[in-house]
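Enquirer: Have a look at this prediction, sequence included:
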Amino acid sequence: MFIRTLAIASTLAVGATAGAAYAQDNPMVGGAPMYADKNIIENAVNSADHTTLVAAVKAAGLVETLSGEGPFTVFAPTNAAFEKLPEGTVESLLQPENKDQLVKILTCHVVAADAMSDAIRGMIDDDGGAHPVPTVGGCELTATYSGDDIMIEDEQGNVANVTIADVDQSNGVIHVIDTVLLPAADDAM
């Protein structure tokens, strides 16, 4: 009995260590470990820096989609990024009557691929310094970089900086950004 108990305890300890190792391979986001064996939604809900994004994803009805198989690359704006929008914008977008507009904006942050930062830099280099990035929302973003810093420009000319890159997920990757990306002015707010 003692040996069996010891075996179970050591198995649990190894499992806990493996889980911690998974988190250590990924950067912390919003004060929370991000686990490569969890999907985008399972990780995002734990980030204190992404509560507005999570609320928007829920209001847009995109939880199931972003929990799906993917692969997805998500440029995830922080709460501070949403705060840069004109006063009242977020509250307005979260209203049920503005769901289509919210879906459009959020899906302009999602690419149907698993693109880590090295791959993005390679595509930028291959395209002579600026790479077009088509999103699932129909927007075309433009990726550039300077040194190690990747920047994403939206269709209105707003530039988001990737502040935390390569947050590996079971269904893709998250790159944390400091600005909300918007569709062309005729499609946006």
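Expert: That came in fine, so what should we check first?

Enquirer: beta partners for the residue nearest to Ala113 when sequence neighbours are not counted?
Expert: Leaving aside its sequence neighbours, Ala113 sits nearest to Thr73 (CB to CB, 6 or more residues apart in numbering; 5.5 Å). For glycine as for every other residue, the C-beta is placed from the backbone atoms N, C-alpha and C. Note on Thr73: beta-bridge partners by DSSP bridges are Val111, Val173.

Enquirer: Thr73 against Asp114, yeah?
Expert: Yes - counting by CB atoms under 8 Å, Asp114 is a contact partner of Thr73 at 6.3 Å.

Enquirer: what does stretch 80-93 rub up against?
Expert: Residues outside stretch 80-93 that contact it (CB atoms under 8 Å, 6 or more residues apart in numbering): 49, 52-53, 56, 59, 98, 101-102, 105, 160, 177-180, 189.

Enquirer: if we go to 6 Å?
Expert: For stretch 80-93, contacts defined as CB atoms under 6 Å, 6 or more residues apart in numbering pick out Thr52, Leu102, Asp178, Thr179, Val180.

Enquirer: For these, which single residue is the most surrounded?
Expert: Val180 (26 neighbours; other CB atoms under 10 Å).

Enquirer: In contact with that residue: list those residues for me.
Expert: By CB under 6 Å, 6+ apart, the contact list for Val180 reads Pro77, Ala81, Phe82, Leu85.

Enquirer: repeat that for 8 Å
Expert: Contacts of Val180 were listed using CB under 8 Å, 6+ apart, and they are Pro77, Ala81, Phe82, Lys84, Leu85, Ile105, Asn158, Ala160.

Enquirer: Contact partners for the closest residue to it other than its chain neighbours?
Expert: Among residues not flanking Val180 along the chain, Pro77 sits closest, at 4.7 Å (CB to CB, 6+ apart). Residues near Pro77 by CB under 8 Å, 6+ apart: Thr52, Leu53, His109, Ala160, Ile177, Asp178, Thr179, Val180, Leu181.

Enquirer: could the residues you listed be laid out in CSV, adding secondary structure and distance to Asp37?
Expert: Formatted as CSV, the contacts of Pro77 follow (DSSP: H, G, I helix; E, B strand; the rest coil; distance: CB to CB, whole Å):
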residue, secondary structure, distance to Asp37
Thr52, helix, 26
Leu53, helix, 21
His109, coil, 23
Ala160, strand, 27
Ile177, strand, 24
Asp178, coil, 27
Thr179, coil, 30
Val180, coil, 29
Leu181, coil, 28
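
Enquirer: Return the closest of these with respect to Cys139.
Expert: Closest approach to Cys139 among the contacts of Pro77 (CB to CB): Leu181, at 7.2 Å.
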